[in-house]
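Enquirer: got a predicted model here, sequence first, then my questions.
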Amino acid sequence: PLKTWSHQAGSLLLLLVSNLLLCKSTASLPICPSGAVNCQVSLRDLFDRAVILSHHIHKLSSEMFNEFDKRYTQGRGFITKAINSCHTSSLSTPEDKEQAQQIHHEDLLNMVLRVLRSWNDPLYHLVTEVRGMQEAPDAILSKAIEIEEQNRRLLEGMEKIVGQVHPGIKENEIYSVWSGLPSLQMADEDARLFAFYNLLHCLRRDSHKIDNYLKLLKCRIIYDSNC
Amino acid sequence: MMVSLHEQQSESLIHSLEQEKGVNMKENVASMIVFLLLLFLNIRLLKGQSPPGKPFIFKCRSPEKETFTCWWRPGADGGLPTNYTLTYHKEGETITHECPDYKTGGPNSCYFSKKHTSIWTIYIITVNATNQMGSSVSDPRYVDVTYIVEPDPPVNLTLEVKHPEDRKPYLWVKWLPPTLVDVRSGWLTLQYEIRLKPEKAAEWETHFAGQQTQFKILSLYPGQKYLVQVRCKPDHGFWSVWSPESSIQIPNDFTMKDITVWIFVAVLSTIICLIMVWAVALKGYSMVTCIFPPVPGPKIKGFDTHLLEKGKSEELLSAFGCQDFPPTADCEDLLVEFLEVDDSEDQQLMPAHSKEHSGPGMKPTDLDPDNDSGRGSCDSPSLLSEKCEEPQANPSTFHTPEVIEQPEKPKANVTHTWDPQTISLVGKMPYLSVNGSKSSTWPLLQPGQHNTNSPYHNIADMCKLATSLDKIDKDALQSSKTTEAAGEEKATKQREVESSHSKAEQDTGWLLPKEKPPFISPKPLDYVEIHKVNKDGALSLLLKQKENGDQTGKAGTPETSKEYAKVSRVMDNNILVLVQDPGAQNVALFEESTKEAPPSPSQNQAEKDLSSFSTAPSDCRLQQGGLDYLDPACFMHSLH
């Protein structure tokens, strides 16, 4: 009886493991409703959606920066002061294509996550502070609001992707802390304007970084570097 | 500035020299030398040599986001050969570097290779211009490679015209991304745009192609030469320039089969058109008449429009039957006898049709007594019509064929008219046998005046009488007149009877007095109309109202209804012989008429009658409403 029982247990275990493995490689399923726990969207679709989001975020950021510069800080040489002033520069992100291609895709994914997380706070405050600006420019404000929302969605999607690409190890949530809020609230108009300028400048750059990394990852993971 | 400085210095020197002129002669020499030096410098300045002007970095571009190049514009030359150096330092670094490559990008350029290029980093770049006189530095330019990407145009642009089955041909445009751009790893994502136009067109037709490297153009003009160009844009960068033009010739899309079909269709339609034109030309009139049939004009029998044109009124009117005055000889021939009663014939009522003698203008009659349709006026059962508005063609047309059909009636001289034979009427009605069998039931009518035929005379005969009155024998006139008169009455009666009751086979009795020839009575005769048929087969005849009823004379007003209760016999001419009921008044009337009939007319009277008779036709005719016989009463009246 014990022998048969062990046989049964072994076969059961085998069945369970095979099930788990099979579950891993399920084919693509339709889009998950929000809040669904066990919904499985294919990696391809996740990446496609992530790339669309990141592309859109950068486009909005670029427009927002250009509009702000044109309206408030044109010709005032703020760029000279905005050197090396982004709070995410401490994150050691790759700086060119070779570096990006050498880094392992898991690390790259983590880096994306870190950058995205680093921007949660600043984006929130950006919206608040732009609203409080005198003659709050509607175009800038609406873009800020949308960027913040899309950034949150992108973060969720990225966490899903990471969960699919290399599950298991859940790293500490590293991100850069942003401390530029006091600058945004300064009384000095010029200082405040520079603070906004700097923030938007950094946002433009980092959104481009994320977009570029995700496109690299997509082509590498999904299309095997043959986009 | 330097010039003014020197000038100031020299001035001050001179001033001091002047002030201390006498103090020190040695100092004078030294100052002279200095002055000369300064002068020498001024002279050199006056020649136009100066340190270089400030250069200006006007453009930095990266074709693939891995390298980039900056170009500057030199400032004022300064007249001396100038050396340019480009120096830069990167964001977050303190080290200043010099341009690694001045050549690759062309003159006044600096090319940053991959090794020296960092993305998402600001480069602070300046250019130094140095010459013998000095140097100048450009304003620093802040460059982030991320935002200066402008690729080369796509390469390998190929064009091909595809002809799929059952579809229109299309142009298939293919290209490749520029060689330097790394699309495969996803480092750059390109979007493309193509434009094309026919060679001679002015405007380009632009199409956005997305990220694909091929495109189908469907709206093509066949037989044209097309020029095509393509360009690309990175996901966050600048559009490239347009690629060099590629051209292609679009072939004509007329297949041989199409051309053959069209030629065939064209030839066929041409032939059809020609046929139609030819048909119209040849038979134009008949076709026109076929399509638009001419409205028939009024047709009057015997009415010859040509005669009218010629103005031969006599002939024209004679065609109506004896309507002109003085009567001519031709009238006789045109007059038609269409009734013949033969006494000697079998006295059976014949079926009321005699088709062999029906004229062309006549149709088989129906037996509706009141239905005049399809018949000539002589067919009408109502012998008297209300009014005679105008001479109608019917009688004449009715007559003329009969004339033709009666060769036995030669156009003889008038004397023949009194021949009983000629006087005898030949019934032309379909329900009367015309020639041939004749009844002999009326001995009254033919006391040796005619042959076996007992004539029922119609107007035509009366006309004949009229026309020939000049020439006839007086006696014959008398007798014939009476005969005519009586015959007329009989004829009318017979006609009515026949029309209403074709198949009665009963003996007819003649109403008119049989013993004597029915003389012309002073009062006009009555036209009777079949009123009803009794169940015994007796016909009830109506006396028709007449306008000249006051002419009836002493017979009194005519009865509207008289009973002719009995048909004595039917003759084989389809003639009914009617007898009157004994109690009927008509008998009296007719007796009277018969009594009055035979006064012996004198010649004078005859002549008078003749004359009056001659005039009568018009009156009588008017009354008849076109019937082709005259009221014998008129004649009788006139003759008396």
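Expert: Noted; the coordinates are in hand.
Enquirer: quick one: name the residues of chain A near chain B.
Expert: Residues of chain A found near chain B (C-beta under 8 Å from any C-beta of the partner chain) are A:55, A:58-59, A:62, A:79-80, A:83-84, A:89, A:93, A:95-98, A:100-101, A:205, A:208-209, A:211-212, A:215-220, A:225-227. Heads up, the C-betas are built off the backbone N, CA and C, glycines and all.
Enquirer: filter the residues you listed to the buried ones?
Expert: For the residues of chain A next to chain B, a burial check counting by 16 or more other C-beta atoms under 10 Å in any protein chain shown picks out A:55, A:58-59, A:62, A:79, A:89, A:93, A:95-97, A:100-101, A:205, A:208-209, A:211-212, A:215-220, A:227.
Enquirer: count of neighbours near residue A:183?
Expert: 16 (other C-beta atoms under 10 Å in any protein chain shown).
Enquirer: quick check: phi and psi on it?
Expert: Residue A:183 adopts backbone torsions of phi -60, psi -40, taken as degrees, to the nearest 10.
Enquirer: that one contacts residue A:191, doesn't it?
Expert: Yes. In this structure residue A:183 lies within contact range of residue A:191 using C-beta atoms under 8 Å: 6.8 Å.
Enquirer: okay, now the unreliable bits of the stretch 201-350 of chain B?
Expert: B:253-257, B:285, B:287, B:302-350 (pLDDT under 70).
Enquirer: er, chain B I mean
Expert: Within chain B, the segments meeting pLDDT under 70 span B:1-10, B:12-23, B:40-47, B:253-257, B:285, B:287, B:302-640.
Enquirer: could you chop it up by domain?
Expert: Using the TED database, the domain parsing of chain B gives B:8-47, B:56-144, B:155-257.
Enquirer: distance between the ends of the second one?
Expert: End-to-end distance for domain B:56-144: 18 Å, by C-alpha to C-alpha, to the nearest Å.
Enquirer: quick one: average pLDDT of stretch A:110-127?
Expert: Taken as a whole, stretch A:110-127 has a mean pLDDT of 94.
Enquirer: before we move on, what about stretch A:134-141?
Expert: The model assigns stretch A:134-141 a mean pLDDT of 83.
Enquirer: for the closest residue to chain A within chain B, the count of nearby residues, please.
Expert: Closest contact between chain B and chain A, by C-beta to the nearest C-beta, is at residue B:186 (3.2 Å). Burial of residue B:186 is recorded as 24 neighbouring residues (other C-beta under 10 Å).
Enquirer: got a list of what it touches?
Expert: A:215-220, A:225, A:227 (C-beta atoms under 8 Å, 6 or more residues apart in numbering or on different chains).
Enquirer: wait, which of those residues is closest to chain B?
Expert: Among the contacts of residue B:186, residue A:219 lies closest to chain B (C-beta to the nearest C-beta), at 3.2 Å.
Enquirer: leaving out sequence neighbours, find the closest residue to the closest one.
Expert: residue B:186 (3.2 Å; C-beta to C-beta, 6 or more residues apart in numbering or on different chains).
Enquirer: and for residue B:113?
Expert: Of all residues not flanking residue B:113 in the chain, residue B:67 sits nearest, at 5.6 Å (C-beta to C-beta, 6+ apart).
Enquirer: gap between the one you found and residue A:213?
Expert: To residue A:213, residue B:67 is 20 Å away according to C-beta to C-beta, to the nearest Å.
Enquirer: is the residue of chain B closest to chain A part of a helix or strand, or is it coil?
Expert: coil (DSSP: H, G, I helix; E, B strand; the rest coil).
Enquirer: quick one, phi psi at it?
Expert: The phi/psi pair for residue B:186 (degrees, to the nearest 10) reads phi 90, psi 10.
Enquirer: show me the contacts for the residue positioned nearest the centre of chain A.
Expert: In chain A, the C-alpha nearest the mean C-alpha coordinate belongs to residue A:116, at 3.7 Å (C-alpha atoms, centre = their mean). Contacts for residue A:116 (C-beta under 8 Å, 6+ apart) come out as A:151, A:154-155, A:158, A:210.
Enquirer: ok, now with 10 Å
Expert: Listed by C-beta atoms under 10 Å, 6 or more residues apart in numbering or on different chains, the contact partners of residue A:116 are A:54, A:57, A:151-152, A:154-159, A:175, A:206-207, A:210.
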